[in-house]
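In: quick check, what structure comes out for this input:
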Amino acid sequence: MAEALRDLLGLDAASGTEDIEYLEYLADLSLESVLSSEPQNLAQNSQSMLRSVQALSKRSHKLMVGSAIGHASIPETIRILDLKARELTAAVPRLDTEAERFSTLFSKSGDSRILAQRKEALHLLDNADRVVDLLELPALLLSAVNASPLGYSTSLDLYGHIRRLSALYPNSDLVRSVMLQADDAIRQLAIDLIGSLTAPNLKLAAALRTMGWLKRIVPELVPDMPAENSLPAVFLICRFSNLVTTLEALDPLRKLADEERIRQHNAGQTWSGGQQTERFLKRFIEVFREHSFNIISISKNAGGGAISENNPTADNLGSIPPVLSAFPMHLVSMLLETLRIYLPVVKDQASRESILTQVLYCSGSLGRLGADFGMLLPSIGVHEWPDLVKRHRLLAGRLESVIADYKAPTTASA
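Out: Numbers count the residues shown, from 1 in each chain. Presented below is the predicted three-dimensional model:
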């Protein structure tokens with residue numbers, strides 16, 4: 001029956017199952033139901049569906065509008081996607097080339113400057129504490145130099161450590177910079193040490209310590225000059241400077257003596273003064289004796305009289321004598337020149353003998369160090385010198401005999 005109704009209505013066989021089911025439903029109804037109640041049911045269902053569609057449209061009209069717009073833009077989107085896909089396809093070979101170049105450039109086996117800088121930065125970061133310690137060395141060295149003289153040995157140890165670092169890393173800019181600052185500090189130390197050699201009342205222990213420190217510094221600052229040849233000269237120059245400064249303090253007395261010398265020259269044979277000259281000469285000989293003995297004795301103990309063994313075969317000009325061997329002659333020439341100028345002003349015999357007695361003691365003091373200059377005094381016009389020496393030797397012999405006579409009874413009673 002449903003098939004007959006389908007043929008009657010002209011529906012093809014491909015119609016939906018809903019149509020077939022509805023035709024079967026109509027076939028099962030009576031004619032009266034079909035004509036009376038079915039139109040009403042269809043109207044009710046149509047009305048219900050219309051309200052449902054309206055409610056759905058009200059709820060989803062925005063989404064539907066958006067879907068419609070999106071659907072309308074799908075062709076343009078597809079076109080853009082196709083264009084981007086073509087661009088991506090064209091960029092793939094270039095990307096592959098760049099990736100290969102990057103891999104070659106930054107490979108561990110390559111010589112990349114950027115990688116080298118990165119490795120250097122990482123290495124610097126790993127050794128940051130050591131670098132900080134290295135940067136603090138110049139300040140520490142300067143502090144030790146300023147803590148004189150307690151920090152001198154520490155300063156030299158630090159400087160030796162910095163020089164070893166410079167020898168181990170000669171191409172390092174950082175080590176080179178630290179070395180330059182250390183050289184400046186050690187030069188200041190050398191200046192301070194040399195300045196201490198000019199201090200008055202320099203003791204043997206202080207002089208030996210200072211010379212020992214300078215022996216460690218000079219070969220580093222002046223590598224072409226052997227310390228054993230230069231340091232004795234430096235010591236003698238410093239001490240001689242102190243002697244000259246001390247003698248210059250006698251300038252007021254020297255001026256008075258010069259005035260007397262002028263008056264003696266004007267007075268001629270009638271001159272009988274010379275008191276100011278006597279004062280000046282006695283004070284001059286006293287200062288000269290003290291300082292000259294101190295200079296030569298300390299210099300000998302400090303190694304000033306040693307001959308350099310580093311160059312036993314000297315150049316064609318011959319070996320240069322030790323500086324100490326010529327220095328006493330220079331000192332003696334100062335004293336002899338002063339005596340030659342001012343001693344003739346003193347005419348009183350007792351005053352002259354007093355002055356010459358001081359000169360005799362000075363000659364004896366220097367004679368203990370191998371610099372006896374007594375035989376040179378007659379050459380400057382001191383004709384009474386031989387008689388004075390004989391008298392003092394006679395007195396010395398009598399004193400020895402008295403001491404021997406005093407000791408003899410004591411030894412016999414014991």
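In: can you check which helix is longest in this structure?
Out: helix 31-105 (DSSP state H).
In: how far does the helix or strand following that helix sit from its chain's centre?
Out: Later in the chain than helix 31-105, the nearest helix or strand by DSSP states H and E is helix 113-126. Centre-to-centre, helix 113-126 and its host chain are 25 Å apart (CA atoms, centre = their mean, to the nearest Å).
In: what about helix 113-126, average pLDDT?
Out: The predicted model gives helix 113-126 an average pLDDT of 81.
In: which elements pack onto the strand or helix carrying Pro219?
Out: Assessed by DSSP H and E, Pro219 sits inside helix 204-221. Judged by 3 or more CB pairs under 8 Å, 6 or more residues apart in numbering; DSSP states H and E, helix 204-221 is in contact with helix 152-168, helix 173-197, helix 227-248, helix 275-301. The way it works is simple: take the backbone N, C-alpha and C, and place the C-beta from them, glycine included.
In: can you put those helices in TSV and add distance to Glu260?
Out: Compiled in TSV, the helices and strands packed on helix 204-221 are given as follows (distance: least, CB to CB, whole Å):
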stretch	distance to Glu260
helix 152-168	48
helix 173-197	36
helix 227-248	19
helix 275-301	5
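In: out of those, which one sits most buried?
Out: Counting by mean count of other CB atoms under 10 Å, helix 275-301 has the highest mean neighbour count of the helices and strands packed on helix 204-221, with a mean of 20.
In: same for that helix, what does it pack against?
Out: Helices and strands touching helix 275-301, by 3+ CB pairs under 8 Å, 6+ apart, are helix 204-221, helix 227-248, helix 251-267, helix 323-342, helix 349-367.
In: residues contacting the last one, please?
Out: Helix 349-367 is contacted from outside by 274-275, 278, 281-282, 285-286, 288-289, 292-293, 296, 328, 332, 335, 339, 343, 346, 372-374, 377, 382, 384-385, 388-389, 392, using CB atoms under 8 Å, 6 or more residues apart in numbering.
In: where in the stretch 201-350 of the chain is pLDDT low?
Out: Counting by pLDDT under 70, the stretch 201-350 of the chain shows low-confidence ranges at 223-229, 268-272, 303-324.
In: again, only using 80
Out: Across the stretch 201-350 of the chain, the ranges flagged by pLDDT under 80 are 218-230, 265-274, 301-325.
In: likewise for the stretch 1-150 of the chain?
Out: Those would be 1-35, 104-116, 147-150, if you go by pLDDT under 80 across the stretch 1-150 of the chain.
In: switch to 90 and redo it
Out: Scanning the stretch 1-150 of the chain for pLDDT under 90 picks out the ranges 1-45, 53-73, 75, 97-138, 140-150.
In: OK, contacts around Arg283?
Out: Applying CB under 8 Å, 6+ apart, we find Arg283 in contact with Leu250, Leu253.
In: measure it to Tyr342 for me?
Out: 12 Å (CB to CB, to the nearest Å).
In: likewise for Leu208?
Out: In this view, Leu208 and Tyr342 are 37 Å apart by CB to CB.
In: comparing those two, which residue is more hemmed in?
Out: For Leu208 versus Tyr342, the count of surrounding residues by other CB atoms under 10 Å is larger for Tyr342: 22 against 14.
In: my read: that one touches Leu281, true?
Out: Yes - using CB atoms under 8 Å, Tyr342 is in contact with Leu281, at 5.6 Å.
In: any common contacting residues for the two?
Out: Residues touching both Tyr342 and Leu281 (CB under 8 Å, 6+ apart): Ala257.
In: if we can go back for a sec, looking at the helices and strands packed on helix 204-221, which is closest to Glu76?
Out: helix 173-197 (63.1 Å; CB to CB).
In: quick one: contacts of that closest one?
Out: Counting by CB under 8 Å, 6+ apart, 131, 134-135, 137-138, 141-142, 145, 148-149, 152, 155-156, 158-159, 162-163, 165-166, 169-170, 202, 206-207, 210, 213-214, 217-218, 220-221, 234-235, 238-239 sit against helix 173-197.
In: also stretch 388-406?
Out: Under CB under 8 Å, 6+ apart, the answer for stretch 388-406 is Glu353, Leu356, Thr357, Leu360, Gly374.
In: make CSV out of the residues you listed and add distance to Gln181, pLDDT and neighbour count.
Out: Below are these laid out as CSV (distance: CB to CB, whole Å; pLDDT from 0 to 100; neighbours: other CB atoms under 10 Å):
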residue, distance to Gln181, pLDDT, neighbour count
Glu353, 62, 89, 15
Leu356, 58, 90, 24
Thr357, 58, 91, 14
Leu360, 56, 91, 18
Gly374, 55, 85, 18
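In: between those, which is closest to Lys255?
Out: Among the contacts of stretch 388-406, Leu356 lies closest to Lys255 (CB to CB), at 23.6 Å.
In: would you mind measuring from that closest one to Asp387?
Out: Leu356 is 10 Å from Asp387, where distance means CB to CB.
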